[in-house]
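1. model this:
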Amino acid sequence: MSLSPQTPKPETMLTMFHGGSAYPDRVLVAGAGPVGLLIALRLGQAGINVDVIEKEESLSERPRATGYYAAALLALEKARVLDSVKDAGFSTHGLCWRKPLVDDGSGGKAMGDLIAKLIFPDADGLGNGVIYPQSELGKLLFREVVATGFVTFHFGRELCGIREEDDSVLATTQTRDGKEYFRCAYLVGADGAKSATRRLLDIPFKGYTWPERIVAIDVLMENKDVDSHVHTSLIVDPINYGVVSPLVKPQAGKKTMYRCSIAIDPLDTRSDDELAAEASVMPLLEKTIPGPRPLDIEVKRISPFKMHQLCASTFRRGRCVLTGDAAHLNNPFGAMGLCTGIIDADAVSDTLELIIKDGKHLSLLDIYSDERRRVFQTFVDPVSAQNKLRCANDPDTATEDWFIRAVMNSSEAEIARLGSAFFDAWGTDMRTLVESS
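-> Now for the predicted structure:
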């Protein structure tokens, strides 16, 4: 292989070089989470060659997001996977706010009083919402990506260098055996909260971290009260607020896997490892799960995490762009984390397709960056922050909140108007923006 000035010297070329002369029609996606996989799928469906690098050796099994609605459903439909997601998961219509557990009169606990119930607006006839664990969505998307025939996966490759040339990007990855190099026309950083892409591009990540931590607990338990329309409960409490949602469709009287995400006191100084012990989470579950005592449950997985409200100062640096958690982070109350990443994936896929397939100018990457940053700053960040504060509240005064009162007192048509922002303000139609610019 002949060497150019941009090619690593032979003594540093420990393993493989990917891309070569094929890079003008090639995109490198860093991160094989659902956002990176959705981008790879959309580009592969468009006939664009993609390399996906992932520092882990396999897809992640960590407990994370579970629900998708509004503009995120439209993005999944556009990628032609929504029907498969709905078949593998199950449909839900909304969520509710509840007070903490109460005594049931028999030594056990019952669900707290219902404060309000919100029905999501229908996503253009596609349904109100879908519950499907993030790890399972990743597996589904992976199968669909492979089927395109245009995407190559490279697991066990950690991004450690980015160098932009006039018409390409040279990415360096570290493997167990040495370094591997990828030359591409564009690099998409979908590599999560600790994004190597963002760090290597020296892009500031600005915002704040909430003082308390959340413990996500996957627990097998029996269903006592199955609402066939609204499956997710937001528990309102000043300290141990949380969200309880099934991971598979619940059936009355049968055990179902649930995700209980519960806040702990910000003054609690225990380490994450200590919080991840089953003995540590049992008091939290006692406050969260209804039924007879002692609890008849089986804890499957525990994952403590911090909550952030952070946004990158730009989502574009040259031929490199950020998306999903690499670009922004927000707390999980209201399911606006992965859903926002899915909507990002739709926007960046359209952007790259317009540039690569339709010959549009590279400056479209600025439009993508500006629009998705604007959406985070003006919609996702304030709405998700208020969602969290609404849960971390006194349950006896919860109905003083304007939004709770609106949910309680509005007609179906008025709720639909409130929900329209979750389509119009959350999504970004890059093709319409380009046509109007």
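
2. Could you double-check that T148 lies in contact with R42?
-> No. In this structure, T148 is not within contact of R42 by CB atoms under 8 Å, at 9.4 Å. C-betas here are computed from N, CA, C, even on glycine.

3. Which residues are in contact with Q309?
-> 207-210, 329-331, 381, 384-385 (CB atoms under 8 Å, 6 or more residues apart in numbering).

4. so T172 bridges to which residues?
-> G161, Y181 (DSSP bridges).

5. For burial, what's the neighbour tally of it?
-> Counted with other CB atoms under 10 Å, the neighbours of T172 add up to 18.

6. So which bits of the strand of greatest length in the chain are buried?
-> Taking DSSP state E as the criterion, the chain has its longest strand at strand 205-222. Using 16 or more other CB atoms under 10 Å as the test for burial, strand 205-222 gives 205, 210, 212-219, 221-222.

7. strands paired with it, and their directions?
-> With DSSP bridges as the test, strand 205-222 pairs up with strand 255-263 (antiparallel), strand 298-312 (antiparallel).

8. returning to what we had before: T148 and R42: which is more packed in?
-> Neighbours per residue, other CB under 10 Å: of T148 and R42, the larger number sits with R42, 25 against 17.

9. what's the offset of stretch 370-387 from the middle of its chain?
-> 14 Å (CA atoms, centre = their mean, to the nearest Å).

10. For it, what is the spacing between the initial and final residues?
-> 25 Å (CA to CA, to the nearest Å).

11. residues in contact with Y68?
-> Contacts of Y68 (CB under 8 Å, 6+ apart): 76, 85, 129-132, 335, 338-339, 342.

12. one more time with 7 Å
-> Going by CB atoms under 7 Å, 6 or more residues apart in numbering, Y68 touches 76, 129-130, 339, 342.

13. swap in L365?
-> 316, 321, 351.

14. and the last one, that one's in a helix?
-> Which is T351. Yes. Judged by DSSP: H, G, I helix; E, B strand; the rest coil, T351 forms part of a helix.

15. Looks like it contacts Y368 (just checking).
-> Yes. Using CB atoms under 7 Å, T351 is in contact with Y368, at 4.5 Å.

16. Show me the helices in the stretch 51-200 of the chain, by range?
-> Applying DSSP state H, counting those that start in this stretch to the stretch 51-200 of the chain gives helices spanning 71-78, 82-88, 134-148, 196-200.

17. Export the ones you listed as a markdown table, with columns for mean pLDDT.
-> What follows is the helices of the stretch 51-200 of the chain, written out as a markdown table (pLDDT from 0 to 100):
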| stretch | mean pLDDT |
| --- | --- |
| helix 71-78 | 97 |
| helix 82-88 | 97 |
| helix 134-148 | 97 |
| helix 196-200 | 98 |
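
18. between those helices, which one is nearest to E61?
-> Proximity to E61, assessed across those by CB to CB, is greatest for helix 134-148 (5.0 Å).

19. List the buried residues for the closest one?
-> Buried-residue list, helix 134-148, by 16+ other CB under 10 Å: 134-138, 140-142, 144-145, 148.

20. Show me which of those is closest to A193.
-> For the buried residues of helix 134-148, the nearest to A193 is Q134 (13.6 Å; CB to CB).

21. wait, what's in contact with that closest one?
-> 34, 64-66, 338.

22. shaky segments in the chain?
-> 1-16, 20-23, 224-228 (pLDDT under 70).

23. How much space separates S233 from I343?
-> 25 Å (CB to CB, to the nearest Å).

24. which of the two has more neighbours?
-> I343 (27 against 22).

25. got a list of what the more buried one touches?
-> 71-72, 75, 426-428.

26. again, only this time at 6 Å
-> 71-72, 75, 427 (CB atoms under 6 Å, 6 or more residues apart in numbering).

27. got it, and E61?
-> S135.

28. Could you rerun that using 10 Å?
-> 133-136, 138-139, 301 (CB atoms under 10 Å, 6 or more residues apart in numbering).

29. Got phi/psi on A252?
-> Main-chain dihedrals, A252, degrees, to the nearest 10: phi -60, psi 130.

30. any idea how far I115 is from it?
-> Distance from A252 to I115, by CB to CB: 23 Å.

31. before we move on, what about A32?
-> From A32 to I115 the distance is 39 Å (CB to CB).

32. Name the residue in those two with the higher neighbour count.
-> A32 (26 against 21).

33. Just want the phi and psi numbers for the more buried one.
-> phi -110, psi 40.

34. show me the residues around the nearest residue to it once chain neighbours are set aside that make contact.
-> In space, and not counting its chain neighbours, A32 is closest to E54: 3.7 Å by CB to CB, 6 or more residues apart in numbering. E54 makes contact with 29-33, 36-37, 60, 153-159, 173, 190-191, according to CB under 10 Å, 6+ apart.
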